[in-house]
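Trainee: Quick one, what's the 3D model for this:
(chains A and B)
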Amino acid sequence: MNIEDIEINKELKIVFMGTPDFAVPILEALIDKYGVRAIVTQPDKEVGRERILKPTPIKEVGIKHTILVLQPKKIKEEYAEIVALEPDLIVTCAYGQIIPKELLECPRLGCINVHASLLPKLRGGAPIHRAIINGFSKTGITIMYMNEGMDKGDIITQREIPIEDTDTAETLHDKLSILGRDLLMDTLPSIIDGTNTRTKQEEAEATYGFNISREDEHIDFSKTTRQVFNQIRGLNSWPGAYTIYEGKILKVWASRIGSNYDPIKNNGEIINTYDDGFGVKTSNGEIVITMVQPEGKKKMPAIDFINGERNKGSMIGKILR
RNA sequence: CGCGGGAUAGAGCAGCCUGGUAGCUCGUUGGGCUCAUAACCCAAAGGUCAUUGGUUCAAAUCCAUUUCCCGCAA
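Mentor: Presented below is the predicted three-dimensional model:
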C-alpha cells in the first residue's frame, strides 16, 4: 500500500458500532488503518453491588482516541444523528441492539458485521460460549453484510479455528477477537473497492446460539461427562457454571474428565476425592471438579475446598443438585 | 440506601448461640521408616482471631463502628 492509498482510505467515513471487550481489537485496528468517524455503543450501565455507572469497553477506546461516541438507548428510534454523518461504511461487532432498516441502507458501501461463528451456525448473542458448550470441534469468524434478520445476511468471508480441549470461553474469546480483527483487515480492501464475493446463507443449515440464561449455567449431572466438561469450560471465565452443594450455590470453574464408572451411584453424587479435586458421577462416568467458588467466597482450587470440608465430615456420598 | 454471605497460622475451614490459656485438614521445615516415594510415622515453626471503641474480673465469642472481599439481583 502506498501513501496515496492511505490518503484515500482516510477520506472514508466509517462508523463503528460495538460494545464489549471482544470488539476492542477490531475497533483499534480500524482506527489505526482507516480512521473512524464515529462510534456507537450501548449506554453506560449500572454495574455491580455499588451500582456504579460504567462505560462500555468500546466507549473507553473512543474517549482515548477522542472520537465522537454516541449511545442511543433505542437505536431503532434514535438513528438520525448517525445518518446525518453520511457514513460510507458501517462496521458492527457485538453491538447489542437490532439495527433499523434506515441505518442499514444508509452507507453506500453497506453495513457489515463481524460475527464470532461460522454462519449459518450459531446465529445470535453467545456464539463463543455455545460453540464450546455444544461440543464443536471448530468455530471461526464470519464477516457478512447485515440485513434485518438476526445474523442472516450474505457472507463475505469466513475463517475457522479449531477448538481445543484446553480452550475455555475466555481463551476462545481472545483468539476469535484477534482472528476477527485480522480477517476484517484482510477483507476490507475488497469491500471498499467492490471486488468482494457475496454468498447467501443456507437457511436449512442455520442454528442459533442465544444469550446464556441462568438455566444454562446450572450443571445437569445426568448428562454425559463430556457434556458437563464442555459446559464448565464453555462458561469460564464468565458467567460460570454452578451446582447446589449443601443447599448453597457452588460455582464450578474447572474440571477434568474422570475415569471411574459406578452405575450404582446417583448422578451428581460425590464418589471420590483426589489430590486435585473431587469426582462426581455423571450419566456415563465421572467428572472431576478441580476449581470451585462457594457462595460468598473467592475462587479456589478444589483441593482447598476439600480441606475445609473435611473437618465437617466426608464429602463422599453427598449429592450435587 | 436492592437482597444476602464472609474476614481466625502460607491455603481452606471449625470454634461464636451458652465469654474463661486458639483447634481441624493441608502446606512448610526437621527427623524416622523404606530399595524407594508425592506413601506412612514422629516432631517443630507459624495467629496482636480484619479495624476502632464499648460492656465485663475476663472478649475470637456480647454490643456498636470502620474498612475490605464475594454470591444473587439488575
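
Trainee: what's the distance between stretch A:300-318 and the middle of its chain?
Mentor: The chain centroid and the centroid of stretch A:300-318 are separated by 33 Å under C-alpha atoms, centre = their mean, to the nearest Å.

Trainee: so where does residue A:114 fall, helix or strand?
Mentor: Assessed by DSSP states H and E, residue A:114 sits inside strand A:111-115.

Trainee: Strand partners (parallel or antiparallel) of that strand?
Mentor: Strand pairing for strand A:111-115, determined by DSSP bridges: strand A:89-93 (parallel), strand A:138-145 (antiparallel).

Trainee: next helix or strand past the shortest one?
Mentor: Yep, that's strand A:89-93 we're talking about. Sequence-wise, the next helix or strand downstream of strand A:89-93 (DSSP H and E) is helix A:101-104.

Trainee: quick revisit: single out the most deeply packed of the strands paired with strand A:111-115.
Mentor: Comparing the strands paired with strand A:111-115 by mean neighbour count (mean count of other C-beta atoms under 10 Å), strand A:89-93 ranks first with a mean of 26. Where you see a C-beta, it was placed from the backbone N, CA and C, and this is true even at glycine.

Trainee: Tell me how far residue A:256 lies from residue A:150.
Mentor: 36 Å (C-beta to C-beta, to the nearest Å).

Trainee: With residue A:195 instead?
Mentor: Using C-beta to C-beta, residue A:195 is found at 28 Å from residue A:150.

Trainee: Over to residue A:244?
Mentor: Applying C-beta to C-beta, the value for residue A:244 to residue A:150 is 34 Å.

Trainee: go on, residue A:30?
Mentor: 23 Å.

Trainee: element containing residue A:191?
Mentor: Counting by DSSP H and E, the element that carries residue A:191 is helix A:169-193.

Trainee: Give me the next element, helix or strand, following that helix.
Mentor: Assignment by DSSP H and E places the next element after helix A:169-193 at helix A:214-217.

Trainee: could you say what helices and strands that following helix packs with?
Mentor: Helices and strands touching helix A:214-217, as assessed by 3 or more C-beta pairs under 8 Å, 6 or more residues apart in numbering; DSSP states H and E, are absent.

Trainee: and the helix holding residue A:191, how far from the chain's centre?
Mentor: That offset, for helix A:169-193, works out to 14 Å (C-alpha atoms, centre = their mean).

Trainee: Give me the mean pLDDT for that helix.
Mentor: Helix A:169-193 shows a mean pLDDT of 96.
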